[in-house]
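Peer 1: Just need the structure, nothing else, for what follows:
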Amino acid sequence: MARIRVLVVDDHRIFAESLAAALAAEQDVDVSAAGSGPAALRALERAAAEGRRFDVLLIDADLGGGAAELARVPEQRRAPGQGPPVNGEGAVDGISLVAGVRSGHPGVRTVVLAERDDPRRAAAALQAGAGGWVAKDCSLSRLLAVIRGVLRDETHLPPALLTGVLRELTAARKHRTESERLVESLTPREREVLRCMVAGLGRKAVAERLYLSPHTVRTHMQNVLGKLGVHSTLAAVALARRAGVGPVDLAGEVVERGGQLA
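Peer 2: Numbers count the residues shown, from 1 in each chain. So this is what the prediction gives:
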């Protein structure tokens, strides 16, 4: 019998341990628990190195304080291009952890456990790569069905959430299309500057990287904001991410001196 390796990720220790104990009673389930996003990522890396990777992560939607807590964390304190967003104490929210798992461990399935139905956050979880959104007060048999279902590449949502999630996904697709159109209006150089902004680089760092003067970079940044129709770097970065624009590769060079993008 093939065994299913499950990692429960929840910062409420009693809940995590109780759920792990309940799942461990199943003959085909091996289960571990992690109390934070960073701990979960370490467990994934360790398991992969030992050749016994996890199959499914059950992730608390409100991990690390949830959306309300992270909304108060300044963008500059996050680590652009460095994995899931973190707050000052190193916490990782649940949906960002889903995205991090999909990026670093694409073979691992994720299911989000939530205390309440929230179409907006459920849609965000699916967009981040989750295979399911399950209420924390669901039955153990329901949770096991979802775990086995996501391993068959099924997507699981509570029926009451379907209409709201579809509405959110449709709206997100519309916003993404508009964001892509705006980004396409930028020149090649402006797009490189935007990618540097997404990576969190300041004006001086962008100037050094692209071999431009700070004044020229300032002009490019002002042009980027104007063409995107926003008034701040944070808004430009958010729009860029909706359009699928990632950060510049900080490990390599963007252009060489005298390159074609100038």
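
Peer 1: and the nearest residue to A122 once chain neighbours are set aside, helix, strand or coil?
Peer 2: Beyond its immediate neighbours in the sequence, the residue positioned closest to A122 (C-beta to C-beta, 6 or more residues apart in numbering) is W133, lying 4.3 Å away. (C-beta placed from N, C-alpha, C; glycine too.) In three-state terms, and counting by DSSP: H, G, I helix; E, B strand; the rest coil, W133 is strand.

Peer 1: Spatially nearest residue to V98 (excluding sequence neighbours)?
Peer 2: Leaving aside its sequence neighbours, V98 is closest to A128 (4.2 Å, by C-beta to C-beta, 6+ apart).

Peer 1: Local confidence estimate at the one you found?
Peer 2: A128 is assigned 85 on the pLDDT scale.

Peer 1: likewise A207?
Peer 2: In the predicted model, A207 carries a pLDDT score of 93.

Peer 1: oh, and call the first residue 45 from now on, that's how I've got it
Peer 2: In the new count, where the first residue is 45, that last one comes out as A251.

Peer 1: what comes up buried for the helix or strand harbouring it?
Peer 2: For A251, the enclosing helix or strand under DSSP states H and E is helix 247-254. Burial within helix 247-254, assessed by neighbour count using 16 or more other C-beta atoms under 10 Å, is assigned to R247, V250, A251, R253, L254.

Peer 1: P203 versus the residue nearest to V142, what's the distance?
Peer 2: Distance, A172 to P203, using C-beta to C-beta, to the nearest Å: 22 Å.

Peer 1: More neighbours: those two, which one.
Peer 2: Regarding A172 and P203, a neighbour count based on other C-beta atoms under 10 Å identifies A172 as having more, with 20 against 6.

Peer 1: My guess is the more buried one contacts I139. True?
Peer 2: Yes - A172 is within contact range of I139, at 5.2 Å (criterion: C-beta atoms under 8 Å).

Peer 1: list the contacts for A287?
Peer 2: For A287, the set of contacting residues under the criterion of C-beta atoms under 8 Å, 6 or more residues apart in numbering consists of R220, S223, E224, L226, V227.

Peer 1: could you pull out the strands for the stretch 95-244 of the chain?
Peer 2: The residue ranges that make up the strands of the stretch 95-244 of the chain, judged by DSSP state E, counting those that start in this stretch, are 100-104, 153-158, 176-179.

Peer 1: Who are the packing partners of the first one?
Peer 2: It stands for strand 100-104. Other elements packing on strand 100-104 under the criterion 3 or more C-beta pairs under 8 Å, 6 or more residues apart in numbering; DSSP states H and E are strand 48-53, helix 81-93, helix 138-148, strand 153-158, helix 184-194.

Peer 1: mean confidence for the helix or strand just after the first one?
Peer 2: Which is strand 48-53. Following the chain from strand 48-53 toward its C-terminal end, the next helix or strand by DSSP H and E is helix 57-68. The average pLDDT for helix 57-68 rounds to 92.

Peer 1: one step back: what are the C-alpha coordinates of the helix holding A251, in PDB please?
Peer 2: Taking only C-alpha atoms (Å, rounded to 0.1, in the frame of the first residue of the first chain), the coordinates of helix 247-254 have been written out as PDB:
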ATOM      1  CA  ARG A 247      17.400  54.500  -7.800                       C
ATOM      2  CA  LYS A 248      21.100  54.300  -7.100                       C
ATOM      3  CA  ALA A 249      21.200  50.500  -7.400                       C
ATOM      4  CA  VAL A 250      19.300  50.600 -10.700                       C
ATOM      5  CA  ALA A 251      21.600  53.200 -12.100                       C
ATOM      6  CA  GLU A 252      24.700  51.200 -11.200                       C
ATOM      7  CA  ARG A 253      23.100  48.000 -12.600                       C
ATOM      8  CA  LEU A 254      22.000  49.600 -15.900                       C
END
